[in-house]
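**Q** Show me how the following folds:
(one chain, ligands or ions: 1)
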Amino acid sequence: MIEVNRQGEVWVFAEQHLGKVEDIAFELLGRARELADKLGVKVGAVIAGDSIKSVCEELIQYGADKVYTVENNLLEHYQTNSYTKVLCALIEKHKPQIVLYGASPVGRDLAPRVASKMKAGLTADCTDLQIGNHEIKKTGEKHENLLLQIRPAFGGNIIATIINYDRWPQMATVREGVMPMPEPDSKRKGEVIDESVSLSAEDLPIEIIEEVRREKSVNLKASRIIVAGGAGVGSKENFRMIWDLANALGGVPAATRAAADLGYIGKDYQVGQTGTTVRPSLYIAIGLSGAIQHQAGMSESKKIIAVNNDPDAPIFDVAHYKVCGDLNEVVPQMIKAVKEKV
Ligand SMILES: Cc1cc2nc3c(=O)[nH]c(=O)nc-3n(C[C@H](O)[C@H](O)[C@H](O)COP(=O)(O)OP(=O)(O)OC[C@H]3O[C@@H](n4cnc5c(N)ncnc54)[C@H](O)[C@@H]3O)c2cc1C
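**A** Got it, this is the predicted structure:
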């Protein structure tokens with residue numbers, strides 16, 4: 001029987017690159033703070049790398065009570081074995097009850113390795129995290145204060161709540177943009193705890209010769225106005241009107257997976273469960289049905305305008321303003337109206 005620890009802190013793996021903390025770490029700290037307050041425990045951030053001391057204060061401002069640092073030049077670049085060793089050593093030592101990771105390429109590589117080594121559970125790509133109780137019907141066993149790991153399942157047809165009552169730590173990954181970014185508080189105080197984990201050549205089997213990072217063609221997350229087109233736009237040429245409306249409004253274009261797959265626009269512009277999660281002030285959805293996988297990436301937008309010729313299109317269920325009509329007539333009028341205003 002594995003000892004189940006339900007007393008420890010709530011941890012966030014604070015992913016960094018060249019000494020700059022990735023946004024996902026701050027977003028996770030915001031949710032970790034809420035979970036920890038509910039449990040009455042502290043929030044810990046774990047950061048590993050070559051030169052990381054300068055960012056500890058930032059992690060505290062975003063909600064960490066403690067920052068565990070492992071500074072070592074062998075950790076300059078992420079590698080599976082070395083980072084897994086660091087995380088497992090710290091988890092064994094400090095026994096957090098929950099560990100959260102970004103569902104980034106690094107988090108998606110690291111979290112399963114840690115889960116496997118620790119014989120812990122892990123839920124990938126959660127869209128919500130809560131604290132709650134659970135009773136096992138068969139045995140009547142009651143479990144309190146579990147991490148409820150919530151995510152779409154079966155192709156988005158159900159929203160599943162996954163629990164992990166007989167293993168620790170409870171672990172989850174969350175995609176960037178899913179949790180709101182908290183406001184930093186420059187008055188927050190916290191503790192920085194220096195840790196060391198011995199690493200050898202065996203832990204670094206890969207020699208990194210050159211690092212090339214491809215920047216995305218668009219930063220959808222940072223855009224306040226997004227004009228998204230779907231398969232209903234009909235062609236790459238017609239998609240020009242999505243660009244035109246976005247430009248007229250000072251926003252950016254975006255797309256559904258279907259529109260991106262059809263080659264109307266690049267994959268970087270895809271919004272949704274397997275694209276980017278956005279929360280702009282204004283989201284204009286044109287010629288897209290509003291499939292659950294698309295809504296997963298945009299339903300938190302502050303105002304949603306939908307243009308669709310099908311009155312039963314699911315996008316109308318989440319839209320604040322609904323225009324039922326042919327996009328080929330509606331969108332040119334929208335562009336004209338915006339241009340006349342500015
Ligand atoms: C695991 C998984 C992950 C997925 N991830 C994503 C994701 O990240 N993002 C995503 O978007 N999808 C995703 N999908 C796909 C998703 O299920 C839908 O297939 C997709 O969102 C549909 O795109 P669409 O709305 O552009 O096309 P459609 O569903 O074909 O909708 C086209 C819409 O255009 C309207 N229309 C047609 N002509 C006109 C006109 N002239 N004027 C006005 N309206 C018109 C139609 O009424 C219709 O509502 C995923 C699917 C799976 C299984």
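
**Q** can you map out the helices along the stretch 101-250 of the chain?
**A** 105-118, 240-249 (DSSP state H, counting those that start in this stretch).

**Q** nearest to Lys137, of those helices?
**A** Smallest distance to Lys137 across the helices of the stretch 101-250 of the chain (Cβ to Cβ): 26.0 Å, for helix 105-118. The way it works is simple: take the backbone N, C-alpha and C, and place the C-beta from them, glycine included.

**Q** CA atoms only for the closest one, dumped as CSV, please.
**A** Output of helix 105-118 as CSV, limited to C-alpha atoms (Å, rounded to 0.1, in the frame of the first residue of the first chain):
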residue,chain,number,x,y,z
PRO,A,105,6.2,20.6,-24.7
VAL,A,106,8.4,20.5,-21.6
GLY,A,107,5.5,19.9,-19.1
ARG,A,108,4.1,17.2,-21.4
ASP,A,109,7.5,15.5,-21.4
LEU,A,110,8.3,15.9,-17.7
ALA,A,111,5.0,15.3,-15.9
PRO,A,112,4.5,11.7,-17.2
ARG,A,113,8.1,10.8,-16.3
VAL,A,114,7.7,12.1,-12.8
ALA,A,115,4.3,10.3,-12.5
SER,A,116,5.8,7.1,-13.7
LYS,A,117,8.8,7.3,-11.2
MET,A,118,6.6,8.3,-8.3
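
**Q** Buried residues, it. List them.
**A** Val106, Gly107, Leu110, Ala111, Pro112, Arg113, Val114, Ala115, Met118 (16 or more other Cβ atoms under 10 Å).

**Q** Is the fifth one in contact with Thr123, as I believe?
**A** Which is Pro112. No. Judged on Cβ atoms under 8 Å, Pro112 makes no contact with Thr123 at a distance of 11.0 Å.

**Q** if I pick Gln97, what's in contact with it?
**A** By Cβ atoms under 8 Å, 6 or more residues apart in numbering, the contact list for Gln97 reads Asn5, Arg6, Gln7, Gly8, Glu9, Val10, Leu39, Val41, Leu147, Trp168, Pro169, Gln170.

**Q** Closest one of those residues to Leu327?
**A** Closest approach to Leu327 among those (Cβ to Cβ): Leu147, at 42.9 Å.

**Q** what residues does this protein put near the ligand?
**A** Within the chain, the positions near the ligand by Cβ under 6 Å from any ligand atom are 155-156, 230-232, 256-259, 270, 272-275, 287-289, 291, 293-294, 297, 307-310, 313, 326-328.

**Q** phi, psi of the closest residue to the ligand within the stretch 51-200 of the chain?
**A** The nearest approach of the stretch 51-200 of the chain to the ligand comes at Gly155, 4.3 Å away (Cβ to the nearest ligand atom). The phi and psi values for Gly155, taken as degrees, to the nearest 10, are phi 60, psi 30.

**Q** Spit out the contact partners of the closest residue to it other than its chain neighbours.
**A** In space, and not counting its chain neighbours, Gly155 is closest to Gln293: 7.9 Å by Cβ to Cβ, 6 or more residues apart in numbering. Shown in contact with Gln293 (Cβ under 8 Å, 6+ apart): Pro152, Gly155, Gly156, Arg257, Gly272, Gln273, Thr274.

**Q** mind redoing it with 10 Å?
**A** Residues near Gln293 by Cβ atoms under 10 Å, 6 or more residues apart in numbering: Pro152, Gly155, Gly156, Thr256, Arg257, Val271, Gly272, Gln273, Thr274, Gly275.

**Q** Any figure for the gap between it and Asn81?
**A** Counting by Cβ to Cβ, to the nearest Å, the separation of Gln293 from Asn81 is 34 Å.

**Q** sorry, back to before: any residues in contact with both of Pro112 and Thr123?
**A** Here Pro112 and Thr123 have Met171, Thr173 as joint contacts, going by Cβ under 10 Å, 6+ apart.

**Q** ok, then the element right after the helix or strand encompassing the residue nearest to Gly155?
**A** Using DSSP states H and E, Gln293 sits within helix 292-295. Later in the chain than helix 292-295, the nearest helix or strand by DSSP H and E is strand 303-308.

**Q** what are the pairing partners of that following strand, and which direction each?
**A** strand 282-286 (parallel), strand 321-324 (parallel) (DSSP bridges).

**Q** Check the average confidence over the helix or strand following it, would you?
**A** Using DSSP H and E, the helix or strand that follows strand 303-308 towards the C-terminus is helix 315-318. Average pLDDT, helix 315-318: 97.

**Q** quick one: contacts of helix 315-318?
**A** Here helix 315-318 makes contact (Cβ under 10 Å, 6+ apart) with 228, 230, 256, 283, 285-291, 294-295, 298-301, 304-308, 310, 322-324.
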